[in-house]
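Novice: Just the structure for this:
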Amino acid sequence: MTARRQENKGRHLRIACVAVLAGAVSAAGPFAGAWAGLTERVVMNRHSGLAIDGFDPVAYFTDAEATKGEPEIEASKAGAVWRFRNDANRAVFLAHPEIYGPRFGGYDPVDVAQGKAVAGRAQLWLISGERLYLFSREDNRTAFAADPDGVLKHASGRWPALLETLSDY
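Specialist: Predicted structure coming up:
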């Protein structure tokens with residue numbers, strides 16, 4: 001195990017302890033929904049640590065397009081490095097990562113509904129119900145757009161078990 005992984009393992013244990021304590025103090029408190037969004041496993045480049053290929057997650061909402069973030073404007077959240085096109089987008093994301101981060105951590109919701117973890121692509125996206133979804137293929141985006149409630153019902157049911165099978169690295 002590399003030194004970096006050893007450090008991360010210690011950090012993950014500390015995070016797990018904090019999560020258990022937070023859950024014991026307030027399992028259904030006002031931040032329960034936000035906490036769930038922050039603990040999703042995020043799709044990222046295993047070498048660079050970049051989430052959604054360096055695209056700005058806030059720009060999907062503000063500009064209605066996939067926009068590359070700038071290397072000089074980054075933030076770390078949920079174990080990933082996020083890039084932004086400007087400081088305002090970075091600030092908005094850091095205030096509300098549970099809103100602007102892709103649902104299911106960037107995994108394709110149609111594949112998740114089928115019990116598979118397939119990373120979505122930053123250029124194949126859709127906003128539905130004020131959440132960002134990334135898709136692995138155009139057909140999946142089309143299927144999701146035709147029945148978002150149906151897909152999300154199945155995906156939400158399968159996501160917790162699928163999340164347990166995903167690797168930390």
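
Novice: wait, what's in contact with Leu152?
Specialist: Shown here is Leu152, whose contacts under the criterion Cβ atoms under 8 Å, 6 or more residues apart in numbering are Pro109, Ala113, Gly129. Every residue, glycine included, has its C-beta placed from N, CA and C.

Novice: Which secondary structure state is assigned to it?
Specialist: Three states are possible here, and by DSSP: H, G, I helix; E, B strand; the rest coil the one that applies to Leu152 is helix.

Novice: so how far is Ala146 from it?
Specialist: In this structure, Leu152 lies at 13 Å from Ala146, with Cβ to Cβ, to the nearest Å as the measure.

Novice: Could you do Arg103 as well?
Specialist: From Arg103 over to Ala146 (counting by Cβ to Cβ), the distance is 18 Å.

Novice: Could you confirm Arg90 falls within a helix?
Specialist: Yes - under the criterion used here (three-state DSSP), Arg90 sits inside a helix.

Novice: For it, the count of nearby residues, please.
Specialist: For Arg90, the tally of surrounding residues (other Cβ atoms under 10 Å) stands at 20.

Novice: Need the pLDDT of it.
Specialist: pLDDT for Arg90: 97.

Novice: so what's it up against?
Specialist: Shown here is Arg90, whose contacts under the criterion Cβ under 8 Å, 6+ apart are Val58, Ile73, Glu74, Ala75, Trp82, Phe84.

Novice: farthest-separated two in those?
Specialist: Val58 and Glu74 (13.2 Å; Cβ to Cβ).

Novice: Mutual contacts of those two, please.
Specialist: Counting by Cβ under 8 Å, 6+ apart, the residues touching both Val58 and Glu74 are Phe84, Arg90.

Novice: Looking at the two, which has the bigger crowd around it?
Specialist: Taking neighbours as other Cβ under 10 Å, Val58 and Glu74 compare with Val58 leading, 24 against 15.

Novice: What distance do you get for the residue nearest to that one when sequence neighbours are not counted to Ala95?
Specialist: Distance criterion Cβ to Cβ, 6 or more residues apart in numbering; nearest residue to Val58, sequence neighbours excluded, is Asn89 at 3.9 Å. Relative to Ala95, Asn89 is positioned 11 Å away (criterion: Cβ to Cβ).

Novice: And those two? Which one has more around it.
Specialist: Just comparing Asn89 and Ala95: by other Cβ under 10 Å the higher neighbour count belongs to Asn89, 25 against 9.
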